[in-house]
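In: Fold the following and give me the result.
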Amino acid sequence: MRLSALALGTTLALGTTIGLAQAAPLDNEPLAARSAGPAAAPAIAAAPAAWAAGTRAYLVITTPGDTTAVRTAVASNGGSVFASYDAIGVIVAHSTSASFAATMRGVSGVQKVGATRTSDVPADAYNPALPANPAQATAPTTEPVRSDMAQIKADQAWAVNPGSTSVKVGILDTGVDDQHQDLAPNFNAADSVSCAYGKADTRVGAWRDVDQHGTHVAGTVAAAKNGKGAIGVAPGVKISSVRIAEPGTTLFFAENTVCGLVWAGDHGFKVTNNSYYTDPWQFNCPNDLDQAAILEGVGRAQAYAESKGSLQVAAAGNSNVDLANKTTDSSSPNDSTPVTRTLTNDCLDIPAELPGVITVAANGTSGTSKASFSNYGRDVIEVSAPGESVYSTAPGGKYATLSGTSMASPHVAGVAALLASANPAYTPADIRAKLGEQATDLACPSDSRCTGTTAKNSFFGEGRVDALKAVGGSTPPAGAYFENLTDYAIADNSTVESPITVSGVTGNAPATLKVGVDIKHTYIGDLKVDLIAPDGSVYNLHNRTGSGTDNIAQTYTVDASSEVANGVWKLRVNDNASQDTGRIDAWNLTF
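Out: Numbers count the residues shown, from 1 in each chain. Sure, this is the predicted structure:
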């Protein structure tokens, strides 16, 4: 198996050897597909022939649009059409003929043909088994704010804007346990799918995890803020599982990636997370006919997804190598017998180095260092995020601590989702630019491998992402900061109070007391929200406005200069109607 993650202190216990994902410079020559506008036709699947030993998969590349003639040629030359993506001119073909690729390269209208693997397509591709639906463990009763979230100021961002339910994030990975108590509230089954083997499988549960990697990634992006276990960077957005890993091997072949990226574009994902490289080649070199077709096919799929409004975020890899100076690869192909080959910087890691994709390095536990395993590279790494000892969800209602750039990438995907939530009109290019502009600059350590400036260098790119800036917030001003993260249910026609005990503050509260409020409710016009001072004085914050709008995520300024600061302050919420309920999710005071 080859995932861009490491289990803490060891390799993931998944039964096979892990190859480590790499990335490469982003200033490569544009693929032909980059200039091609998206066609209207969605993915079209054709009935495959029966599986036989020796079946191999191929990408057949032609002009986007009507692929009828080339599909007919596939069938006439010893192959069968397994899936067709007419919008990007990519056909997934199967054949047992060793001469299939060479023959098809001579067919009129065919631009490139390449084998996507050096091993046989599994028989499971023709009748895929559904992944297991694991029994769920008892949910935890605590939900501490973790250091990785604090480092990127996600804990502060939640009180401003935890993310919009209209923003969909695709988890292109090993699958997601949608029954997990921390993922179920935000899981979007309608747009989830399996793309294993290169064709969309929309059966219920086909998207579930065949490992643990995808579930862990999903939790970092958007685990619910529900008092149980963990909180994601953007706990208010929706996540969909696009399983592109195959069972058993957990490999991510090119046809699977093509399917997943086209699905992302067609289903309105604002962001996708891609913590993997496309197997079996750690780097795809354009002077190899097979790999050239893989580069073109996956490149077209990424360009299509981006043209539909989807930004792809990808892990840089865990080999601790300079990606701006590639030399050799001895780990590929990872589905058969690896060979040692010489590389140039024209050999690309995909999807991480494709144009438009955000390539993410991992910070160590301090938040200001490069994780020891993280790849780096001048003008390769765009931003960084926590990637060491990250605690998140695992299948079966469980939790796990993992390390890797696979863990860093979903932090960035979560921040991108917050940017999309706060700025619905943003394009992928807008989000990409803001991620860099808003990142916290990190200077090079005393390490000769780190080159560049504090503003942009080979270890951290433009810096560590900042979730608070993404939602339009700012770091709390100097002064005491107090918060209550405990959930308090708001029932119909009821009153609930959430307390904060303030101590150690001299004198009175300021004339600009900041009150950050995060209330989840499906009809805020029902609500009256007040700040109650320690002496019982009432300061109204919200009084039954907003009609049927969902949720209150706002910071109010209150002149509380007549109040003694120390004591018990309360947030009081009155629900004044029936049918809609909610909860106080969190609130804070800044003196």
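In: mind listing the helices for the stretch 101-250 of the chain?
Out: For the stretch 101-250 of the chain, the helices defined by DSSP state H, counting those that start in this stretch cover 147-151, 154-160, 213-222.
In: Now render the ones you listed as JSON lines, adding mean pLDDT.
Out: As requested, the helices of the stretch 101-250 of the chain are exported to JSON lines (pLDDT from 0 to 100):
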{"stretch": "helix 147-151", "mean pLDDT": "95"}
{"stretch": "helix 154-160", "mean pLDDT": "93"}
{"stretch": "helix 213-222", "mean pLDDT": "98"}
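In: out of these, nearest to T118?
Out: Comparison of the helices of the stretch 101-250 of the chain against T118 by Cβ to Cβ identifies helix 213-222 as nearest, at 23.1 Å. Quick note: C-beta positions are derived from backbone N, CA and C, even for glycine.
In: Who are the packing partners of the closest one?
Out: Other elements packing on helix 213-222 under the criterion 3 or more Cβ pairs under 8 Å, 6 or more residues apart in numbering; DSSP states H and E are strand 168-173, strand 238-243, strand 390-394, strand 398-403, helix 405-422.
In: can you do 10 Å?
Out: Applying 3 or more Cβ pairs under 10 Å, 6 or more residues apart in numbering; DSSP states H and E, one finds that helix 213-222 makes contact with strand 168-173, strand 238-243, strand 271-274, strand 390-394, strand 398-403, helix 405-422.
In: The second one: what's the following helix or strand?
Out: In the C-terminal direction, the helix or strand that comes right after strand 238-243 (DSSP states H and E) is helix 254-266.
In: what's the spacing between that next one and its chain's center?
Out: 15 Å (Cα atoms, centre = their mean, to the nearest Å).
In: Then stretch 229-243?
Out: 9 Å.
In: quick check: mean pLDDT across that stretch?
Out: Stretch 229-243 carries an average pLDDT of 98.
In: what's near enough to touch the closest residue in space to A439 that isn't next to it in sequence?
Out: Leaving aside its sequence neighbours, A439 sits nearest to G463 (Cβ to Cβ, 6 or more residues apart in numbering; 3.4 Å). Contact analysis of G463 by Cβ atoms under 10 Å, 6 or more residues apart in numbering lists 363, 382-385, 435-443, 454-457.
In: Pull out the buried residues from stretch 151-171.
Out: Burial within stretch 151-171, assessed by neighbour count using 16 or more other Cβ atoms under 10 Å, is assigned to 151-164, 167-171.
In: can you check stretch 50-67 too?
Out: In stretch 50-67, counting by 16+ other Cβ under 10 Å, buried: 51, 55-62, 64, 67.
In: likewise stretch 102-119?
Out: Residues 103-104, 107, 110, 112-119 are the ones in stretch 102-119 that count as buried (16+ other Cβ under 10 Å).
In: so where's the stretch 251-400 of the chain uncertain?
Out: By pLDDT under 70, the stretch 251-400 of the chain has no low-scoring segment.
In: Tell me which stretches of it form helices.
Out: For the stretch 251-400 of the chain, the helices defined by DSSP H, counting those that start in this stretch cover 254-266, 289-307.
In: picking that back up, so which of the buried residues of stretch 102-119 is the closest to V233?
Out: Nearest to V233, judged by Cβ to Cβ, of the buried residues of stretch 102-119 is T116 at 32.9 Å.
In: measure R208 to I244 for me?
Out: 13 Å (Cβ to Cβ, to the nearest Å).
In: Quickly list what's touching both of these two.
Out: By the contact definition Cβ under 10 Å, 6+ apart, R208 and I244 are jointly contacted by 174-175, 194, 214.
In: Can you get me a residue count around the residue nearest to A157 when sequence neighbours are not counted?
Out: Nearest residue to A157 in three dimensions, chain neighbours excluded: A467, at 4.0 Å (Cβ to Cβ, 6+ apart). Other residues within reach of A467, judged by other Cβ atoms under 10 Å, total 30.
In: So what does A467 look like in phi/psi?
Out: For A467, the backbone dihedrals (degrees, to the nearest 10) come out as phi -70, psi -30.
In: do Y481 as well
Out: Per-residue torsions, Y481: phi -130, psi 130 (degrees, to the nearest 10).
In: Make residue 1 into 377 and carry on from there
Out: Sure, I'll start numbering at 377, so the last one becomes Y857.
In: Okay, and the beta partners of it?
Out: T966 (DSSP bridges).
In: Please tell me I have it right and it contacts L889.
Out: No - under the criterion of Cβ atoms under 10 Å, Y857 makes no contact with L889, lying 11.5 Å away.
In: joint contacts of those two?
Out: Common neighbours of Y857 and L889 (Cβ under 10 Å, 6+ apart) are 965-967.
In: Let me have these in TSV, extended by neighbour count and distance to W639.
Out: Conversion of these to TSV gives the following (neighbours: other Cβ atoms under 10 Å; distance: Cβ to Cβ, whole Å):
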residue	neighbour count	distance to W639
L965	25	44
T966	20	43
F967	23	49
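In: just the residues you listed now: which is nearest Q688?
Out: Nearest to Q688 out of those is T966 (Cβ to Cβ; 36.2 Å).
In: G849 is in contact with that closest one, correct?
Out: No - using Cβ under 10 Å, T966 is not in contact with G849; the gap is 11.3 Å.
In: Identify the contacts common to these two.
Out: 532, 892, 931.
In: For the last one, grab the count of nearby residues.
Out: Translated: T931. 18.
In: Does it lie in a helix or a strand, and which?
Out: T931 belongs to strand 928-934 when assigned by DSSP H and E.
In: The second one now?
Out: Secondary structure from DSSP H and E places G892 in strand 889-897.
In: re the thing from before, partner strands of the strand holding T931, with direction?
Out: Here strand 928-934 is paired, per DSSP bridges, with strand 889-897 (antiparallel).
In: Keeping just the C-alphas, turn the partner strand into CSV.
Out: The C-alpha atoms that make up strand 889-897 are tabulated as CSV, following Å, rounded to 0.1, in the frame of the first residue of the first chain:
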residue,chain,number,x,y,z
LEU,A,889,-16.2,43.7,25.9
LYS,A,890,-16.1,41.1,23.0
VAL,A,891,-18.8,38.4,23.3
GLY,A,892,-18.3,35.6,20.7
VAL,A,893,-21.4,33.5,20.2
ASP,A,894,-21.8,30.2,18.4
ILE,A,895,-25.4,29.0,18.5
LYS,A,896,-26.7,26.2,16.3
HIS,A,897,-30.5,26.6,15.7
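In: Show me where the stretch 377-526 of the chain has its strands.
Out: Along the stretch 377-526 of the chain, the stretches classed as strands by DSSP state E, counting those that start in this stretch are 382-383, 419-420, 432-438, 455-461, 466-471, 486-491.
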